[in-house]
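K.L.:
I'll drop the sequence and a predicted model, then ask my questions.
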Amino acid sequence: MSKVIRFADRRVRIEDDSFTLVRDAGAPIAPEGDILVPLSDWLERRDALLNRAGKVGLWVSPSEDPKQLSGVLDGLDAIAIEFPKFTDGRGYSIGTLLRKRYGWKGELRAFGDVLRDQLFYMARAGFDSFAVPETRDAVATAEGLNDFSAFYQDAVADIALPAHRRRELAAREAKITRTLRQLKEIAARHPGAALATSLSAEDMVVTDLIARNELPIHIFTLDTGRLHEETVGMIGEIQNRYGLAIEVMKPVQASVDAHVGTHGAHAFYDSLELRKECCGIRKVEPLNRALTGRSAWLTGMRRDQAVTRGQLAEEERDTDRGMAKFNPIADWSWEDVLAYAARYDVPLNPLHARGYPSIGCEPCTRAVRPGEDPRAGRWWWEQRDSKECGLHVSNPPPPILVAAE
Ligand code: SF4
């Protein structure tokens, strides 16, 4: 029998799944037993369905217009949203809509290609039940909800946490304390220090630490002109969440036009040299401009993000730019980042939930499968050891065709 993971009151339960999915509209329905029916059945046969013995839920395909759900939810025991493949993010939007706009308080279930690494994001979107395909281990899948246990720190003591989890939580707490102390020291030692945020989860964590503690650290981002709209949307999320208007650095348009005019809009696929030239124009030069006159900058880089970052120090010298460089969460794991985000309700780029652990420009980033190298989706056509954009290596910027204003 299939299993369902339930997440409520900080507790995770794994049960046999009582619901049967009635996939086809108009199919014969047994007189008893718990069922999930298509929306059209619910709209056309509601009374008959409610007179059966057993629970009635609705299953919704992400291709259906969620507006149809408005005003038709009374009487339902559950709503199940299908995730046909892990990169399909539409289910998150439908879940959020149901919870926030339509006020759905009942069971909100995810089913389909439900993976361990997605449970965190699904729970944040309001899902509280997860159908696990028979081919997957329900206990291993449920581990994806572990990070939420740190969110309710005041209640950790009343949860029967195993010793290794208690040690893990204590270690995370120590990392947060140490990182905050380091950020305060940087702000004191380097007035005008700036965080370069890529608007990824890591940089959102550092942004949250800076914003909530009102540290005098400047924050800017590089809008290359080729970012996903979800990434650009994070600039507004930061404004909404923290009342902070971060600085947005753009490339010199004449340099972009010259590069595109000579090599085309997708030259980065043609050679490493052209890819680095594009990164130089769209990222490195604006970064250099943003850092001019500063004595230090910060990043949200972590050691386990990439083979190229395995030796990353928390403090280093950026010799190219003649300034100090800090990577205050260098030793954080991805789980540390997610646990922090859950605990402090940090806004996250929705692309993370769609299989993008590392997010760059839209044409140069693809989703990765769980377990795949986190940077495998960046410049995926290149060798692993060349996957840096020039922001974090000694790499002179290209000539500026038009002086920045
Ligand atoms: S990541 Fe791709 S599009 Fe973005 S600047 Fe680099 S080469 Fe250009």
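P.N.:
Arrived safely, thanks for sending.
K.L.:
buried residues in the lengthiest helix in the chain?
P.N.:
Using DSSP state H to define each element, the chain has its longest helix at helix 163-189. For helix 163-189, the neighbour count (16 or more other C-beta atoms under 10 Å) marks 168-169, 172, 175-176, 179-180, 182-183, 186-187 as buried. Just so you know, the C-beta spots here come from the backbone N, C-alpha and C atoms, and that holds for glycine as well.
K.L.:
What is the helix or strand just after it packed up against?
P.N.:
The helix or strand immediately downstream of helix 163-189 is strand 194-197, counting by DSSP states H and E. In this structure, strand 194-197 makes packing contacts with helix 201-212, strand 218-222, helix 285-291, strand 296-298, judged by 3 or more C-beta pairs under 8 Å, 6 or more residues apart in numbering; DSSP states H and E.
K.L.:
Could you export these as a markdown table, including mean pLDDT and distance to the ligand?
P.N.:
As requested, the helices and strands packed on strand 194-197 are exported to a markdown table (pLDDT from 0 to 100; distance: least, C-beta to the nearest ligand atom, whole Å):
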| stretch | mean pLDDT | distance to the ligand |
| --- | --- | --- |
| helix 201-212 | 97 | 16 |
| strand 218-222 | 98 | 9 |
| helix 285-291 | 97 | 10 |
| strand 296-298 | 98 | 19 |
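K.L.:
Tell me which of these is the most buried.
P.N.:
By mean neighbour count, with neighbours taken as mean count of other C-beta atoms under 10 Å, strand 296-298 ranks first of the helices and strands packed on strand 194-197 at a mean of 24.
K.L.:
Just give me how far that strand sits from the chain centre.
P.N.:
In terms of C-alpha atoms, centre = their mean, to the nearest Å, the centre of strand 296-298 is found 24 Å from the chain centre.
K.L.:
residues in contact with that strand?
P.N.:
Contacting residues not belonging to strand 296-298 are listed as 183, 186, 189-190, 192-196, 206, 217, 291, 318, 321, 323-328 [C-beta atoms under 8 Å, 6 or more residues apart in numbering].
K.L.:
Please enumerate the strands of the stretch 251-400 of the chain.
P.N.:
Taking DSSP state E, counting those that start in this stretch as the test, the strands found in the stretch 251-400 of the chain are 296-298, 315-318, 323-326.
K.L.:
Columns distance to Gly360 on top of the ones you listed, output as TSV?
P.N.:
Putting these into TSV (distance: least, C-beta to C-beta, whole Å) gives the following:
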stretch	distance to Gly360
strand 296-298	19
strand 315-318	20
strand 323-326	19
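K.L.:
Would you mind finding the most buried of those?
P.N.:
Comparing these by mean count of other C-beta under 10 Å gives strand 296-298 as most buried, with a mean of 24.
K.L.:
quick one: strands adjacent to that one?
P.N.:
strand 194-197 (parallel), strand 323-326 (parallel) (DSSP bridges).
K.L.:
Could you chop this structure up by domain?
P.N.:
Listed by automatic domain parsing, the domain ranges of the chain are 3-155, 163-386.
K.L.:
what about Val139, distance to the ligand?
P.N.:
39 Å (C-beta to the nearest ligand atom, to the nearest Å).
K.L.:
How about the secondary structure of that residue?
P.N.:
For Val139, the assignment made with DSSP: H, G, I helix; E, B strand; the rest coil gives helix.
K.L.:
Now name the helix or strand holding the residue lying closest to it once chain neighbours are set aside.
P.N.:
Nearest residue to Val139, sequence neighbours excluded (C-beta to C-beta, 6 or more residues apart in numbering): Ile14, at 6.6 Å. Secondary structure from DSSP H and E places Ile14 in strand 11-16.
K.L.:
Sheet partners, orientation included, of that strand?
P.N.:
The strands that strand 11-16 pairs with in its sheet are strand 3-8 (antiparallel) (by DSSP bridges).
K.L.:
List the buried residues of the partner strand.
P.N.:
Applying a neighbour-count criterion of 16+ other C-beta under 10 Å, one finds 3-5, 7 buried in strand 3-8.
K.L.:
same check, this time on stretch 264-282
P.N.:
Residues of stretch 264-282 classed as buried under the neighbour-count rule (16+ other C-beta under 10 Å) are 267-268, 274-282.
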